[in-house]
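Novice: Structure here, sequence nowhere to be found:
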């Protein structure tokens, strides 16, 4: 795994999400999966991409801030797969209360 991705992972887990109790992570699929109280709620897909799980209940709030879904292109057949993980907008990452609210909302989606 590239050093930039490892460094970004450390930054996200400790600085961005460090105030939220119950955060854990593990490497997967060339990035990282993030868990909140055991619920898989987020992925880190590149050195600067934190993405939270989204569904119909919260998609509009991401799209209103210009966020787009993760498009996986690593398949051997080159087909693009649009996934239900949206980029967490920078203004949300900088607002600790809002970030925790969004993280918990995504964790709830993952546990249902």
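Specialist: Arrived safely. Every value quoted in this text rests on a predicted model; they were computed, and no experiment measured them. Residues are numbered from 1 along each chain as shown.

Novice: Sticking with residue 44, tell me its helix or strand.
Specialist: Take DSSP states H and E as the rule and residue 44 turns out to sit in strand 39-46.

Novice: now the lengthiest helix in the chain: how far from the chain's centre is it?
Specialist: Secondary structure assigned by DSSP state H gives helix 96-111 as the longest helix of the chain. Chain-centre distance of helix 96-111: 10 Å, with CA atoms, centre = their mean, to the nearest Å.

Novice: Which secondary structure element of the chain has the lowest mean pLDDT?
Specialist: In the chain, the helix or strand scored least confidently by mean pLDDT, DSSP states H and E is strand 69-72, which has a mean of 89.

Novice: Against which helices or strands is that one packed?
Specialist: strand 81-87 (3 or more CB pairs under 8 Å, 6 or more residues apart in numbering; DSSP states H and E). For the C-beta atoms, the positions are set from N, CA and C on the backbone; glycine is no exception.

Novice: hmm, who's touching whichever helix or strand comes after the strand it packs on?
Specialist: Once the chain leaves strand 81-87, the next helix or strand it forms, by DSSP H and E, is helix 90-93. Helix 90-93 has contacts (CB atoms under 8 Å, 6 or more residues apart in numbering) with 16, 50, 65, 98-99, 102.
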